[in-house]
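Q: Predicted model and sequence follow; I will ask about them next.
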Amino acid sequence: MSAFEGLTRPHVSIKIPAELFEPAALETFSGTLSPVALVRGAQRYSFNEPLTYMLTLTHTGEAFVVAGTLHASVTTPCARCLDDARYECSASFTEYVFVSEEAAQSKDLEDDEFFVLPANHELDIIEMLSSALVLELPNLIVCSDDCKGLCSVCGCNLNKETCSCAEKRKESDVEQHPFAQLRSLLDE
């Protein structure tokens, strides 16, 4: 199941030409994809431009090796301040596509480790692309390395404004700290 949202074409497929079924044959395919967003758990990534991909299919006899690269530019809320954070992502991946279900079953592989080529020889590449992108995206994206985030008391964006909560918190932390009594012993 694809993690992409808002695709005008929910299936993007490559028609495998007959000459690619020759042993050691290879062919390169490239293109763009314009999803609206990618959803990964609670995180939603919007695309700034179309995702670009390049795939090289190599016939190995009973399977195709799909070696691919993709590039995407995404925007998501910053993990610290919730402003937009842009991230450039490039991923490389390799997938195996067996020419038949029988060929796939002859190998000792889990179902999520390979694809099977449909009888019409049209390979849907959406799942390959979305999986590669999801694996390449970091768990947390920040707008900048020096992002100050949000104040944990009043919620203001500390990159844009200052608040007096930090001073108030320091004063109350000293008084409420469980080892505050030890400070008085040090002062004696």
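A: Here it is on my side, so go on.
Q: quick one: the nearest residue in space to Lys15 that is not next to it in sequence and Phe115, what's the gap?
A: Closest residue in space to Lys15, ignoring its immediate chain neighbours: Glu122 at 5.3 Å, by CB to CB, 6 or more residues apart in numbering. Where C-beta positions appear, they are placed from N, C-alpha and C, glycine not excepted. Noted for Glu122: a distance of 12 Å to Phe115, by CB to CB, to the nearest Å.
Q: which stretches of this structure form helices?
A: 101-105, 126-136, 165-176, 180-187 (DSSP state H).
Q: Between Glu122 and Phe115, which has more neighbouring residues?
A: Neighbour count, other CB atoms under 10 Å: between Glu122 and Phe115, Phe115 has more, with 20 against 13.
Q: Please name the bridge partners of the residue nearest to the more buried one when sequence neighbours are not counted.
A: The shortest distance from Phe115 to any non-neighbouring residue, by CB to CB, 6+ apart, is to Val97 (4.5 Å). With DSSP bridges as the criterion, Val97 is bridged to Phe64, Phe115.
Q: State the pLDDT value of Val97.
A: In this prediction, Val97 carries a pLDDT score of 91.
Q: I figured it hits Leu123, correct?
A: Yes - Val97 is in contact with Leu123 according to CB atoms under 8 Å; the separation is 6.2 Å.
Q: what residues are shared contacts of those two?
A: Leu57, Phe64, Val66, Phe115, Leu117 (CB atoms under 8 Å, 6 or more residues apart in numbering).
Q: what about the nearest residue to His59 once chain neighbours are set aside, how many neighbours?
A: Nearest residue to His59 in three dimensions, chain neighbours excluded: Ala25, at 4.7 Å (CB to CB, 6+ apart). Using other CB under 10 Å, Ala25 is surrounded by 15 other residues.
Q: what separates Val153 from Met128, distance-wise?
A: For Val153, the distance to Met128 - CB to CB - is 46 Å.
Q: Neighbour count for those two, which is higher?
A: Shown here are Val153 and Met128; by other CB under 10 Å, Met128 has more neighbours (22 against 12).
Q: got the contact list for Cys89?
A: Neighbouring residues of Cys89 by CB under 8 Å, 6+ apart: His71, Ala72, Ser73, Val74, Leu133, Glu136, Leu137.
Q: my read: Val116 touches Glu102, true?
A: No - Val116 lies out of contact with Glu102 (CB under 8 Å); the separation is 9.6 Å.
Q: so how far does stretch 153-162 reach from one end to the other?
A: 12 Å (CA to CA, to the nearest Å).
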